[in-house]
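> need a 3D model of the sequence below.
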Amino acid sequence: MSDIKIIQEHNLSLDEARQAARKVAAQMELDYEMTTTWEGDLLKFERSGVSGSLALLDNQAQLEIKLGFMLKGFASKIEEQVSKNMRKVFAGEA
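Residues are numbered from 1 along each chain as shown. Below you'll find the model as predicted:
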């Protein structure tokens, strides 16, 4: 079961959504030392204390994050920041 689940609507083509998700994955690898892998249109990511996936669908990106015990207390703050980033990447909001 996920601790954070975010569904972001978008108007991108599937190719554009993949490109956006690739940028997100590259940034996650740099900023948070995450390991990312692709399985079709599903991006899986993990590092100590965090794991999850980003599924790309027509007009929608679905993010699920599972937090380790030490990060559960920060779930609302993490969700707020991730939601903001998802809107920026997939809906073009600043």
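> which residues in the protein form strands?
4-9, 35-39, 42-47, 50-57, 60-67 (DSSP state E).
> CSV for the ones you listed, including mean pLDDT?
Listed next are those as CSV, based on pLDDT from 0 to 100:
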stretch, mean pLDDT
strand 4-9, 94
strand 35-39, 93
strand 42-47, 94
strand 50-57, 94
strand 60-67, 94
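> export those to a markdown table and append columns for mean neighbour count and distance to residue 90.
Bear in mind the C-beta positions are built from the backbone N, C-alpha and C, glycine included. Listed next are the strands of the chain as a markdown table, based on neighbours: other C-beta atoms under 10 Å; distance: least, C-beta to C-beta, whole Å:
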| stretch | mean neighbour count | distance to residue 90 |
| --- | --- | --- |
| strand 4-9 | 15 | 5 |
| strand 35-39 | 12 | 17 |
| strand 42-47 | 16 | 13 |
| strand 50-57 | 18 | 9 |
| strand 60-67 | 18 | 5 |
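> make a markdown table out of those strands and add distance to residue 89.
Compiled in a markdown table, the strands of the chain are given as follows (distance: least, C-beta to C-beta, whole Å):
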| stretch | distance to residue 89 |
| --- | --- |
| strand 4-9 | 8 |
| strand 35-39 | 15 |
| strand 42-47 | 12 |
| strand 50-57 | 10 |
| strand 60-67 | 8 |
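> among those strands, which comes closest to residue 27?
Among the strands of the chain, strand 35-39 comes nearest to residue 27, with 10.2 Å by C-beta to C-beta.
> wait, residue 10 sits on residue 59?
Yes. With contacts counted by C-beta atoms under 8 Å, residue 10 reaches residue 59, the gap being 6.1 Å.
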